[in-house]
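Take this sequence and fold it.
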Amino acid sequence: MLFYTILNYKFTNFNTLVNTFIKFMELKLTPFETNFDYDITFYIKSNGKSLQCSYIINGNITNLSLKEGRSAKRQSFLWLDTCFEFFLKEENSPDYYEFNFSSNSDYNIFHFPDYRAPLAETNNFLVDSRMEIESENKIVFDFEIFPHIDVSGKEFTFLASVVLNTNDNKVSFWAVDHADPKPDFHDSNTYKNKIVF
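The predicted structure follows:
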């Protein structure tokens, strides 16, 4: 399991810290449309070799479309169902990475040389993930990103986002920051938080 000790950590000056290079942080996600009754928090920590991340979702978990068990296979189009996403972009570079995770740990990783370039799978990173249903009102989804490229000392911006799909096929788009006039997780102007490996 990842480091749950970070879940109880509270920053005293959050607005200052999110704009500086720090080892771990806590971020709140909001839906693009506000009529969805969930609470989503994202935690990220760098240990110098990987990024360790957690999504905590509170609300009516029984109404979410979730795949239980652990498949952990590389799959396409995961965003068509409930999907935990993460976008990572090296500072001062146009290219970026998209990480997709299903609740059963199926995953995919894409590299884009520019904004919404054609999808191209990449092996520049390895991932590991796991979901835990703690109650009918809470799930924890952990994932860890291991680079297979040199990232030492490099500064990255990122966006944490989630696509929630309910059992009655209502879809909501959650992110730390949103683009206008529609949800667009590829818009790097919303990648306002920074981290180094």
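
Quick check, pLDDT for R74.
Predicted confidence (pLDDT) for R74: 98.

ok, now Y4?
34.

repeat for L126
pLDDT, L126: 98.

correct me, but it touches F143?
No. With contact defined as C-beta atoms under 8 Å, L126 does not reach F143; the gap is 11.0 Å. Bear in mind the C-beta positions are built from the backbone N, C-alpha and C, glycine included.

And these two? Which one has more around it.
In this view L126 and F143 are compared by other C-beta atoms under 10 Å, and F143 has more residues nearby, 21 against 13.

give me the beta-bridge partners of that one?
C53, S129 (DSSP bridges).

Any idea how far apart the tips of stretch 106-120 sit?
Taking C-alpha to C-alpha, to the nearest Å, the first and last residues of stretch 106-120 lie 17 Å apart.

Name the residues that touch it?
Identification of contacts with stretch 106-120 by C-beta atoms under 8 Å, 6 or more residues apart in numbering yields 67, 71-76, 78, 94-101, 121-125, 127, 129, 186-188.

The helix or strand harbouring K28: how far from the chain's middle?
Assigned by DSSP states H and E, K28 falls within strand 24-31. On the basis of C-alpha atoms, centre = their mean, to the nearest Å, strand 24-31 sits 10 Å off its chain's mean C-alpha point.

where does the protein dip in pLDDT?
Along the chain, segments meeting pLDDT under 70 span 1-23.

now the strands: where do they sit in it?
Per DSSP state E, the chain carries strands over the ranges 24-31, 39-46, 51-58, 83-90, 96-102, 107-112, 125-135, 138-147, 155-165, 171-175, 193-196.

what's the fourth one packed up against?
Using 3 or more C-beta pairs under 8 Å, 6 or more residues apart in numbering; DSSP states H and E, the elements in contact with strand 83-90 are strand 96-102, strand 138-147, strand 155-165.
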